[in-house]
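# Got a sequence here, can you model it:
(2 chains)
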Amino acid sequence: ETGVTQTPRHLVMGMTNKKSLKCEQHLGHNAMYWYKQSAKKPLELMFVYSLEERVENNSVPSRFSPECPNSSHLFLHLHTLQPEDSALYLCASSRRADINLKVGEKLFFGSGTQLSVL
Amino acid sequence: TQLLEQSPQFLSIQEGENLTVYCNSSSVFSSLQWYRQEPGEGPVLLVTVVTGGEVKKLKRLTFQFGDARKDSSLHITAAQPGDTGLYLCAGAEGSNYKLTFGKGTLLTVNP
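This is a model prediction of the structure:
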């Protein structure tokens, strides 16, 4: 148990569907992240929020829409996805966005949502 | 964009064997982390190395950061089935959240 909970664990959707992924962290952290993990590719950072403000949008298509209503919750709204968007979507949190690895700060990941787009 | 190359991509060994996996880059990182991701779960941090030449041990796992801070290795002694998972390295340039991840080494330890 990492303190970061993602739902649903699995999701199958058609290209015309609208769905949302949810992430909740119970760690009192101020920064939250969405990552995409595809087969044979490195983890890709999608979005970063610090104190509910988006500080990074890593050239992600507009069919992915993040929402951070408070520092404990993060959503990823999905609309008209493509089959190539099928992947594991991971949420993470950290104490602050400008984490300092040299003093032991780190990312805490959720278990992910395995998304299949048909 | 800094790239991290991990090798081998796949490794299947028998319980009790030793192994080493590598993480290499042409770029210098201020610090580097190793994560393990078990099937159906997210990555979990194993260690952070910050000094060139640094060696850290975590039970049967030994991590080394290269002198030039461009590469790292993870050595596992007497591997166990519980070590099975995807081992990811991630490097940071400076002090920020923009970790660059490698593709990982998928390790299977057979009983």
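# who's in contact with the residue in chain B that chain A sits nearest to?
Residue of chain B nearest chain A, by Cβ to the nearest Cβ: B:G42 (3.1 Å). C-betas here are computed from N, CA, C, even on glycine. By Cβ atoms under 8 Å, 6 or more residues apart in numbering or on different chains, the contact list for B:G42 reads A:T2, A:V4, A:L90, A:A92, A:F109, A:G110, A:S111, A:G112.
# would CSV of those residues with distance to B:F101 be doable?
Shown next, in CSV, are the contacts of B:G42 (distance: Cβ to Cβ, whole Å):
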residue, distance to B:F101
A:T2, 17
A:V4, 17
A:L90, 11
A:A92, 12
A:F109, 11
A:G110, 16
A:S111, 17
A:G112, 14
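# how long is stretch A:43-59 from one end to the other?
14 Å (Cα to Cα, to the nearest Å).
# near chain B at all, it?
Yes - residues of stretch A:43-59 are located near chain B by Cβ under 8 Å from any Cβ of the partner chain, namely A:L43, A:L45, A:V48, A:E56.
# Quick one: mean pLDDT over that stretch.
For stretch A:43-59, mean pLDDT is 87.
# how far out from the middle of the chain is it?
9 Å (Cα atoms, centre = their mean, to the nearest Å).
# cool, and stretch B:50-68?
That offset, for stretch B:50-68, works out to 10 Å (Cα atoms, centre = their mean).
# Going by neighbour count, list what's buried in that stretch.
Within stretch B:50-68, the residues that count as buried by 16 or more other Cβ atoms under 10 Å in any protein chain shown are B:V50, B:E54, B:K56, B:L61, B:T62, B:F63, B:Q64, B:F65, B:G66.
# ditto for stretch A:65-77
For stretch A:65-77, using 16+ other Cβ under 10 Å, the buried residues are A:P66, A:C68, A:S71, A:S72, A:L74, A:F75, A:L76.
# Ends of that stretch, what's the gap?
Terminal-residue distance, stretch A:65-77 (Cα to Cα): 5 Å.
# distance of the residue of chain B closest to chain A from A:G14?
With distances taken as Cβ to Cβ, to the nearest Å, B:G42 is found 26 Å from A:G14.
# Go through the buried residues of stretch A:65-77 and say which is closest to B:Q6.
A:L76 (26.9 Å; Cβ to Cβ).
# With adjacent residues omitted, what lies nearest to that closest one?
A:L21 (4.3 Å; Cβ to Cβ, 6 or more residues apart in numbering or on different chains).
# Partner strands of the host helix or strand of the one you found and their direction?
Using DSSP states H and E, A:L21 sits in strand A:18-25. Paired with strand A:18-25 in the same sheet, following DSSP bridges, are strand A:4-7 (antiparallel), strand A:73-79 (antiparallel).
# Let me know the secondary structure of the residue of chain B closest to chain A.
Of the three states, B:G42 takes coil under DSSP: H, G, I helix; E, B strand; the rest coil.
# give me the low-pLDDT residue ranges for chain B?
Applying pLDDT under 70 to chain B flags the ranges B:1-2, B:94-97.
# Among the buried residues of stretch A:65-77, which pair sits farthest apart?
A:S71 and A:L76 (16.3 Å).
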